[in-house]
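Undergrad: need a 3D model of the following:
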Amino acid sequence: MTFPERYDKQVTGVLGGIILPVFTACIVFLFAKGEHTLNSWFRNIGEANIMTHIISLCVFPNLVIFLIFNYFDMLKASRGVLAVTIAWAIIVFGVKFLL
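TA: Next comes the predicted model:
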């Protein structure tokens, strides 16, 4: 069984689609200027009304793993990433129009 065949599962795509945006959010937090705690950072982006911008920025790297899965013909994993990305988009719309 080759590497792409072993990991061509929807679970692989779903996990990648969830973990990568969280990892990206951690990197964005680390490079944020003047913030000392995670709580104050969330409060500041909430007050500035840029929560949806931050979430969208963090979900953008899902495009990279989606394209990598497609390149290696791992279509089930690609489907998982796409499903999670659509879920993130629904969350962005919910935050934008409900909060």
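Undergrad: next, give phi and psi for Trp41.
TA: Per-residue torsions, Trp41: phi -60, psi -50 (degrees, to the nearest 10).
Undergrad: can you tell me how far it is from Ala25?
TA: 10 Å (Cβ to Cβ, to the nearest Å). For glycine as for every other residue, the C-beta is placed from the backbone atoms N, C-alpha and C.
Undergrad: ditto for Thr37
TA: As judged by Cβ to Cβ, Thr37 and Ala25 stand 15 Å apart.
Undergrad: what's the answer for Gln10, then?
TA: Gln10 is 23 Å from Ala25, by Cβ to Cβ.
Undergrad: for Trp88, what are its contacts?
TA: Listed by Cβ atoms under 8 Å, 6 or more residues apart in numbering, the contact partners of Trp88 are 17, 21, 55, 59, 62.
Undergrad: for Ile54, give its distance to Val22.
TA: From Ile54 over to Val22 (counting by Cβ to Cβ), the distance is 12 Å.
Undergrad: which of those two has more residues huddled nearby?
TA: Ile54 (20 against 9; other Cβ atoms under 10 Å).
Undergrad: quick one: contacts for Asp8?
TA: Here Asp8 is in contact with 73-77 (Cβ under 8 Å, 6+ apart).
Undergrad: correction: the previous question concerned Arg79.
TA: Neighbour list for Arg79: 10, 13 [criterion: Cβ under 8 Å, 6+ apart].
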